[in-house]
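Trainee: let's see this in three dimensions:
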Amino acid sequence: MRHDTCGSASAQQTGESRLCPLQAALATRPDVENYDDFCRVALSLFRFIGAAYATGASDCWEAAYRFADEAPGIADSPLLVARAAALVRILRSGRPCELCFMPPSCKRLSKDEAELMRLLAVARRNQPGELESIVCQFVGSGNGDAATRAVNALALC
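Mentor: Below you'll find the model as predicted:
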């Protein structure tokens, strides 16, 4: 039996269509297109802000503000950027490791980005008890209240 580079049996020999483990993992990861316009704007802002923290480049901040200014349906773009930045700042201070952000043009989400989108979706559905529970799982109990307030503020922007 012939094996492919991922160690699984050849689909031609087994008669079934199989993905290697990496392809299977990528196929189940959330995609940007699964979210509404507001969430996609927030995700892009998270990514620009994450890049600003990672690189220290002020161009990333400028890109975040420019992106928010050009996004349709955003009434107060500076406030939106500020609220997204506040949430990222709170999350960065309450976690033992850095948040993982993909590049702004990427269609896939990192695990941290998927959790942020989940937090935002729950906050937008106005489910307070559920939101607090998810926030505590994501950031721990130390910054839970501040993170919950920041997610709610962003969701209502």
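Trainee: going forward, measure contacts and count neighbours with C-alpha atoms only.
Mentor: Will do.
Trainee: which element is the residue nearest the centre of the chain on?
Mentor: Residue closest to the mean C-alpha point of the chain, counted by Cα atoms, centre = their mean, is residue 113 at 1.9 Å. Here residue 113, judged by DSSP states H and E, is contained in helix 111-124.
Trainee: that helix: which residues count as buried?
Mentor: By neighbour count with 16 or more other Cα atoms under 10 Å, helix 111-124 contains the buried residues 113-124.
Trainee: got it, and stretch 90-102?
Mentor: Neighbour count says stretch 90-102 has 90-92, 94, 99, 101-102 buried, by 16+ other Cα under 10 Å.
Trainee: distance check, residue 71 against residue 134.
Mentor: 28 Å (Cα to Cα, to the nearest Å).
Trainee: what's the answer for residue 35, then?
Mentor: Taking Cα to Cα, one finds residue 35 at 18 Å from residue 134.
Trainee: quick one on the thing from earlier: so which elements touch the helix holding residue 113?
Mentor: Packing contacts for helix 111-124, counted by 3 or more Cα pairs under 8 Å, 6 or more residues apart in numbering; DSSP states H and E, involve helix 37-55, helix 128-139, helix 144-155.
Trainee: list phi and psi for residue 108.
Mentor: Main-chain torsions, residue 108, degrees, to the nearest 10: phi -90, psi 160.
Trainee: does residue 64 touch residue 48 like I think?
Mentor: Yes. Using Cα atoms under 8 Å, residue 64 is in contact with residue 48, at 5.5 Å.
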